[in-house]
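Undergrad: What shape does this take:
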Amino acid sequence: MKVVVLAGGTSTERDVSLISGSMIYKALKKNGHRAVLLDVYLGYEGSTEGIFEREYDWTENIGAISEQNPDLEQIKALRPDGDKNFFGPNVLRLCKEADAVFMALHGANGEDGKIQACFELLGIPYTGTDFVSAAMAMDKGITKDIFRAYDIPTPFGIRLKKGEKETEQVPFPCIVKACCGGSSVGVSVAHDASEYAAAKEEAFRYDNEAVIEQFIIGREFSVGVMDGKALPVIEIAPKQGFYDYKNKYQEGSTIETCPADLSEEQSRQMQSIAEKVFRALRLKSYARMDFMMDREGRMYCLEANTLPGMTPMSLLPQEAAAMGISFEELCEKILSRAFSE
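TA: Down below sits the predicted model:
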């Protein structure tokens with residue numbers, strides 16, 4: 001099968017996306033597919049004749065994930081026409097030629113439904129959920145509204161637009177998040193007024209809207225869901241601080257346990273909530289839900305990730321492995337769902 005693995009882009013999660021794409025590309029090649037790894041924004045300017053048959057190391061320019069955010073202005077400078085057409089050279093043409101596109105994008109212009117909507121109009125099969133559910137899940141404010149409507153336990157919180165006067169306060173400690181960010185970029189914990197002001201400033205660097213919510217002190221978990229059925233629960237325990245960008249992607253900074261050390265009843269309860277979130281947000285194919293459990297054992301769903309990471313340290317592949325599903329098998333299952341919706 002001819003498959004374009006789409007990665008990169010211009011989101012703050014660009015570097016993570018490139019590593020996800022690299023891993024997926026290698027797995028698909030191992031599975032016998034004629035795969036091409038493309039940066040959705042930079043594209044490919046060389047000759048594309050026979051591109052799906054070439055034996056070329058598409059990953060040679062992909063290095064380790066940076067501990068800092070990528071220099072997006074430097075990336076954008078490589079495409080003077082980028083403001084007129086987000087898709088890089090030959091990207092759409094190769095996606096049309098392929099049998100399917102494997103979405104390895106994270107964050108804005110990739111996980112927010114915009115590219116999925118374009119592919120819908122062009123009749124291009126792609127992996128993951130559709131554009132409507134992707135857009136809803138990407139917006140943390142909309143997600144919280146839906147959680148409340150469906151009685152899904154979630155921390156108390158408010159939405160705040162840049163420059164808007166606050167009419168409601170969340171007690172300290174609170175957590176401030178860019179509304180449509182990912183990989184914990186633009187996320188800060190505030191314990192007092194000074195930290196709160198700095199946290200809002202940081203969040204508004206990435207988005208014009210922020211979500212401020214109760215900071216739950218306790219244990220952190222994640223639950224993948226495939227085709228509506230929950231995978232084993234994984235526990236995430238950063239050695240220092242909370243599960244921020246550095247702790248997510250710097251090797252050795254976080255202890256991950258799968259299956260999580262929970263009672264059978266607690267595991268079932270968390271998996272049930274994850275499946276309920278999957279239905280409430282109208283998700284398809286696969287996703288991953290993030291949870292906190294406080295010291296009294298109360299569970300809170302934080303958000304849903306519609307294109308969860310597929311790096312060597314990512315949570316969903318670890319959960320699948322706990323069920324005996326190899327990374328190559330997981331990629332094959334996800335790819336097959338591109339034709340079933």
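Undergrad: Tell me which helix or strand comes right after the lowest-mean-pLDDT helix or strand in the chain.
TA: Lowest by mean pLDDT, DSSP states H and E among the helices and strands of the chain is helix 245-249, with a mean of 48. Scanning forward in sequence from helix 245-249 by DSSP states H and E, the next helix or strand is strand 254-257.
Undergrad: Following the chain onward from that following strand, which element is next?
TA: Using DSSP H and E, the helix or strand that follows strand 254-257 in sequence is helix 264-280.
Undergrad: Report the mean confidence score over that next one.
TA: The predicted model assigns helix 264-280 a mean pLDDT of 98.
Undergrad: and the following helix or strand past that helix, which residues are buried?
TA: Next helix or strand after helix 264-280 toward the C-terminus (DSSP H and E): strand 286-294. Of all the residues in strand 286-294, those buried under the rule 16 or more other Cβ atoms under 10 Å are 286, 287, 288, 289, 290, 291, 292, 293. (C-beta placed from N, C-alpha, C; glycine too.)
Undergrad: Check stretch 292-309 too.
TA: With burial defined by 16+ other Cβ under 10 Å, the residues of stretch 292-309 counted as buried are 292-293, 299-309.
Undergrad: Export these to a markdown table and append columns for distance to residue 73, secondary structure and pLDDT.
TA: Below are the buried residues of stretch 292-309 laid out as a markdown table (distance: Cβ to Cβ, whole Å; DSSP: H, G, I helix; E, B strand; the rest coil; pLDDT from 0 to 100):
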| residue | distance to residue 73 | secondary structure | pLDDT |
| --- | --- | --- | --- |
| 292 | 35 | strand | 97 |
| 293 | 40 | strand | 98 |
| 299 | 40 | strand | 98 |
| 300 | 36 | strand | 98 |
| 301 | 35 | strand | 98 |
| 302 | 30 | strand | 96 |
| 303 | 28 | strand | 94 |
| 304 | 30 | strand | 96 |
| 305 | 26 | strand | 95 |
| 306 | 27 | coil | 96 |
| 307 | 24 | coil | 96 |
| 308 | 27 | coil | 95 |
| 309 | 24 | coil | 93 |
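Undergrad: which one of the residues you listed sits closest to residue 155?
TA: residue 300 (5.0 Å; Cβ to Cβ).
Undergrad: What residues does the closest one make contact with?
TA: 153, 154, 155, 216, 291, 292, 293, 294 (Cβ atoms under 8 Å, 6 or more residues apart in numbering).
Undergrad: pretty sure the second one is in contact with residue 141, am I right?
TA: In other words, residue 154. No: the criterion here is Cβ atoms under 8 Å, and residue 154 misses it with residue 141 at 11.7 Å.
Undergrad: Tell me which of these two has more neighbours.
TA: For residue 154 versus residue 141, the count of surrounding residues by other Cβ atoms under 10 Å is larger for residue 154: 25 against 18.
Undergrad: Could you verify that the more buried one is part of a strand?
TA: No: secondary structure of residue 154 (DSSP: H, G, I helix; E, B strand; the rest coil): coil, not part of a strand.
Undergrad: List the backbone torsions phi and psi for it.
TA: Note on residue 154: its backbone torsions stand at phi -150, psi 150 [degrees, to the nearest 10].
Undergrad: pLDDT below threshold where in the stretch 201-341 of the chain?
TA: Filtered on pLDDT under 70, the stretch 201-341 of the chain yields the residue ranges 239-253, 341.
Undergrad: before we move on, the earlier item: please tabulate the buried residues of stretch 292-309 in a markdown table and include distance to residue 94 as additional columns.
TA: Below are the buried residues of stretch 292-309 laid out as a markdown table (distance: Cβ to Cβ, whole Å):
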| residue | distance to residue 94 |
| --- | --- |
| 292 | 41 |
| 293 | 44 |
| 299 | 43 |
| 300 | 42 |
| 301 | 37 |
| 302 | 36 |
| 303 | 32 |
| 304 | 30 |
| 305 | 26 |
| 306 | 23 |
| 307 | 20 |
| 308 | 25 |
| 309 | 24 |
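Undergrad: Out of those residues, the closest to residue 15 would be?
TA: Of the buried residues of stretch 292-309, the one sitting nearest to residue 15 (Cβ to Cβ) turns out to be residue 309, at 11.1 Å.
Undergrad: Check the gap between that closest one and residue 148 for me.
TA: 27 Å (Cβ to Cβ, to the nearest Å).
Undergrad: what do you get for residue 10?
TA: In terms of Cβ to Cβ, residue 10 sits 32 Å off from residue 148.
Undergrad: Neighbour count for those two, which is higher?
TA: Each of residue 10 and residue 148 has its neighbours counted (other Cβ under 10 Å); residue 10 has more, 21 against 13.
Undergrad: And that one, how far from residue 187?
TA: Going from residue 10 to residue 187 by Cβ to Cβ gives 20 Å.
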